[in-house]
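Engineer: Sequence and predicted structure below; questions after.
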Amino acid sequence: MHEIKHPYSPSDIPSSVHDDDKWTPNPSKLAASKNGSDSTAADGLLKNAVQGAHATLDRLADGAAPVVQQLDDGVSAVEETLQAKTNQLRGARDALAESVRNTVRRHPLATIAGAVTLGLVISRLPLRRHPMR
C-alpha cells in the first residue's frame, strides 16, 4: 500500500510546543526543500515575514493608542456628567418629597379631600376596551 509522508513527524515537534512562543517549524523538513540553500532561503523568507508582521502590528498599535486614549477621556467625561446629573436629580427628588411632606403637615384635611377627589375622578374615567379579534 502507499504511505502518505508528512513533512513533520511527531518527534519533530518539541514537547513544550504550547509553552515555547518562539517555536517555528524546521523549513528543511518541508517537502519543497531539496537542499541546504533552499533551507536558508526559506529561513530568510520566514524571518522577513515575521519581521514584517511585527512591524505591521507595531504600527497598528502605535496608531490605535491615541484613539484609545481619546475614547478613555470621552468615557471619563460622560461618567462625570452622568454622576453630576444623578446627584442633581436626587437633590430635586428629595426637595420635592420634603415639599409634599410639609404641605401634608400644614393642610392634612385638604390633602385627604384632594386624594379622595382624585380617586373619584380616576374611577369615572372610561375604560378602554379592545374589540374582540
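Structural biologist: Received the coordinates, thanks. Computed from a prediction, not measured in an experiment: that's the story for all the values here.

Engineer: where are the low-confidence patches of this protein?
Structural biologist: 1-37, 130-133 (pLDDT under 70).

Engineer: what helices or strands is the lengthiest helix in the chain leaning on?
Structural biologist: Using DSSP state H to define each element, the chain has its longest helix at helix 36-106. Packed against helix 36-106, as judged by 3 or more Cβ pairs under 8 Å, 6 or more residues apart in numbering; DSSP states H and E, are no other helices or strands. Where C-beta positions appear, they are placed from N, C-alpha and C, glycine not excepted.

Engineer: helix or strand right after it?
Structural biologist: Read in the C-terminal direction, the helix or strand following helix 36-106 is helix 108-124, with elements assigned using DSSP states H and E.

Engineer: what does that next one contact?
Structural biologist: Contacts to helix 108-124, defined as Cβ atoms under 8 Å, 6 or more residues apart in numbering, come from residues 103, 104.

Engineer: Just the C-alpha atoms of it, please, in PDB.
Structural biologist: Output in PDB follows, covering the C-alpha atoms of helix 108-124 (Å, rounded to 0.1, in the frame of the first residue of the first chain):
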ATOM      1  CA  PRO A 108     -53.900  67.400  56.400                       C
ATOM      2  CA  LEU A 109     -57.700  67.700  55.800                       C
ATOM      3  CA  ALA A 110     -57.200  69.400  52.400                       C
ATOM      4  CA  THR A 111     -54.800  66.700  51.400                       C
ATOM      5  CA  ILE A 112     -57.200  63.900  52.300                       C
ATOM      6  CA  ALA A 113     -60.000  65.700  50.400                       C
ATOM      7  CA  GLY A 114     -57.800  66.100  47.400                       C
ATOM      8  CA  ALA A 115     -56.800  62.500  47.400                       C
ATOM      9  CA  VAL A 116     -60.500  61.400  47.600                       C
ATOM     10  CA  THR A 117     -61.400  63.700  44.800                       C
ATOM     11  CA  LEU A 118     -58.600  62.500  42.600                       C
ATOM     12  CA  GLY A 119     -59.600  58.900  43.300                       C
ATOM     13  CA  LEU A 120     -63.200  59.600  42.200                       C
ATOM     14  CA  VAL A 121     -62.100  61.300  39.000                       C
ATOM     15  CA  ILE A 122     -59.900  58.400  38.100                       C
ATOM     16  CA  SER A 123     -62.700  55.900  38.800                       C
ATOM     17  CA  ARG A 124     -65.000  57.800  36.500                       C
END
